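K.L.:
Quick one: sequence plus predicted model below, questions after.
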Amino acid sequence: MDTIRIQFTLFSAFYSPLIATFAGGFLKEEGLETDWSVSPPGVSAIEAAGRGEVDVVQSALSQGFGVLSMGETPKVKHFAQVNEMDGFFITAREPDPDFAWSKLEGSEVVMFGGGQPQVMFRYGCHKAGIDFDKLVPITPGGAAAIDEAFRNGQGQYVQQQGPFPQQLEADGVGHIVAQVGPKVGPCGFSSLAATPEWLATDMAKAFTRAYRKTRVWLNETPAAEVAKAEKPYFPDTDEDVLAKCIATYQALGNWTPHIEITDAAYEATLDIYQQSGGLTQRFAYDQVCARPPAV
C-alpha cells in the first residue's frame with residue numbers, strides 16, 4: 001500500500017475535511033496509508049511540499065499572494081478548498097447574550113499577532129463597523145499559547161478556532177459570544193496545496209476521490225459520529241466538546257460538499273486582503289490555484 005504524506009500548518013477540528021480523510025478511513029479505501037504531521041513553529045509546510053518532503057499540505061490562498069508579491073513563482077498550486085468561511089470564535093470571560101462587536105473596542109483581546117487569522121479578524125471588525133486598531137491586542141504566539149494566556153487570566157476576550165473555545169466553555173473558563181465567519185462572509189479561507197508534478201500522479205487522483213467522499217460524509221453524518229472517529233487525534237479535548245465544535249462548523253456551512261476553490265471564493269479572498277491585508281495588486285486565479293485532479 002502506498003503512503004501519502006500530509007502536513008498541516010495548523011491542526012484543529014476546523015480542518016476536519018482533511019483529518020477525516022484518514023480518520024474516517026477514506027484514504028485507506030483508495031489504497032493509501034497516511035503519514036501525517038504538523039509543521040513545526042516557524043517552519044513552512046509549503047516549503048516542505050516544494051522540497052518533495054510531503055505530498056499535500058493544509059495552507060491558505062494568501063500564501064500564494066505573498067510569494068507573488070515578492071516577484072516569485074509559487075512552487076505549489078492550491079487545488080482544493082478546506083473551508084469556505086473563517087472558523088474563528090470570539091470568547092468572553094462571562095456570558096453576554098447582548099454582545100455587540102463594539103464591546104471589543106478598548107478591550108484586551110488575546111489573538112493571533114499576524115497572518116491570515118488577523119487579516120480576517122480585521123476584516124470582520126470592518127464589516128461590523130468597528131475600528132480594529134481600537135482593540136488592545138495580546139499576542140502570546142500560536143494557538144496553544146493563546147489558550148494558555150486566556151486560561152491564565154489575560155484578556156477580556158480571546159480569538160480561537162474550535163475546539164479550543166468549546167473546551168473553554170466546558171471548563172467554565174469562557175463563553176462564546178460571536179463567530180467571525182458570518183461577518184467576513186464566504187471566501188477561500190483555507191485550502192490544500194501540492195506541487196504541479198504531484199497533482200499529475202495517480203496518487204493525486206486517489207486522494208481526490210477520497211477527499212470528495214470525505215466532504216460528503218462530513219455533511220451527512222451526525223457530529224457525534226464524526227467526533228468519535230476523530231477523537232484519537234484530539235487527546236486533550238472531551239469527545240462531547242469535539243462533537244459540539246463539529247456540529248457548529250457543519251451548521252456554519254464552511255464544509256461545502258464541493259472541493260473546488262471557486263472563482264467567487266478566490267475573488268472574495270482578494271477583496272479581503274486588499275481591504276485588510278495590504279495587498280496592492282490582484283493576481284489571476286491560475287497564478288495561485290489549480291482545479292482538482294480529474295478522476
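P.N.:
Okay, I see it.
K.L.:
what's around Glu105, how many residues?
P.N.:
14 (other Cβ atoms under 10 Å). Where you see a C-beta, it was placed from the backbone N, CA and C, and this is true even at glycine.
K.L.:
er, Ala200 I mean
P.N.:
12.
K.L.:
Which stretches in the stretch 51-200 of the chain count as strands?
P.N.:
Remark: strands assigned in the stretch 51-200 of the chain by DSSP state E, counting those that start in this stretch are 56-59, 77-83, 88-92, 108-110, 136-138, 157-161, 175-179, 190-194.
K.L.:
strands paired with the fifth one, and their directions?
P.N.:
With DSSP bridges as the test, strand 136-138 is paired with strand 108-110 (parallel).
K.L.:
mind listing what's buried in the strand it pairs with?
P.N.:
Val109, Val110 (16 or more other Cβ atoms under 10 Å).
K.L.:
From the rest of the structure, what touches it?
P.N.:
90, 135-140, 146, 149-150, 154-159 (Cβ atoms under 8 Å, 6 or more residues apart in numbering).
K.L.:
can you put the strands of the stretch 51-200 of the chain in CSV and add mean pLDDT?
P.N.:
Converted to CSV, these look like this (pLDDT from 0 to 100):
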stretch, mean pLDDT
strand 56-59, 96
strand 77-83, 97
strand 88-92, 97
strand 108-110, 98
strand 136-138, 98
strand 157-161, 97
strand 175-179, 97
strand 190-194, 97
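K.L.:
Now render the ones you listed as TSV, adding distance to Gly124.
P.N.:
Converted to TSV, the strands of the stretch 51-200 of the chain look like this (distance: least, Cβ to Cβ, whole Å):
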stretch	distance to Gly124
strand 56-59	21
strand 77-83	15
strand 88-92	8
strand 108-110	12
strand 136-138	14
strand 157-161	10
strand 175-179	9
strand 190-194	16
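K.L.:
what stretches of this structure score poorly on pLDDT?
P.N.:
Applying pLDDT under 70 to the chain flags no residue at all.
K.L.:
what's near enough to touch the residue positioned nearest the centre of it?
P.N.:
Centroid-nearest residue in the chain: Ser190, 4.9 Å away (criterion: Cα atoms, centre = their mean). Contact partners of Ser190, counting by Cβ under 8 Å, 6+ apart, are Phe14, Tyr15, Gln58, Ser59, Ala60, Gln81, Val82, Asn83.
K.L.:
Is it correct that the fifth one is in contact with Gln116?
P.N.:
Pointing back at Ala60 there. Yes: with contact defined as Cβ atoms under 8 Å, Ala60 reaches Gln116; the gap is 5.2 Å.
K.L.:
where do the contact lists of those two overlap?
P.N.:
Phe189.
K.L.:
Pick out whichever of the two has more residues nearby.
P.N.:
Neighbour totals were compared for Ala60 and Gln116, and Ala60 leads with 25 against 22 (other Cβ under 10 Å).
K.L.:
quick one, what contacts that one?
P.N.:
Going by Cβ under 8 Å, 6+ apart, Ala60 touches Thr9, Gln116, Gly188, Phe189, Ser190, Ser191.
K.L.:
State the phi and psi torsions of it.
P.N.:
phi -150, psi 150 (degrees, to the nearest 10).
K.L.:
again, but for Ala290
P.N.:
With angles defined as degrees, to the nearest 10, Ala290 sits at phi -140, psi 150.
K.L.:
hang on, it packs against Val76?
P.N.:
No: contact between Ala290 and Val76 fails when scored by Cβ under 8 Å: they sit 9.2 Å apart.
K.L.:
That's all I had, so thanks and see you.
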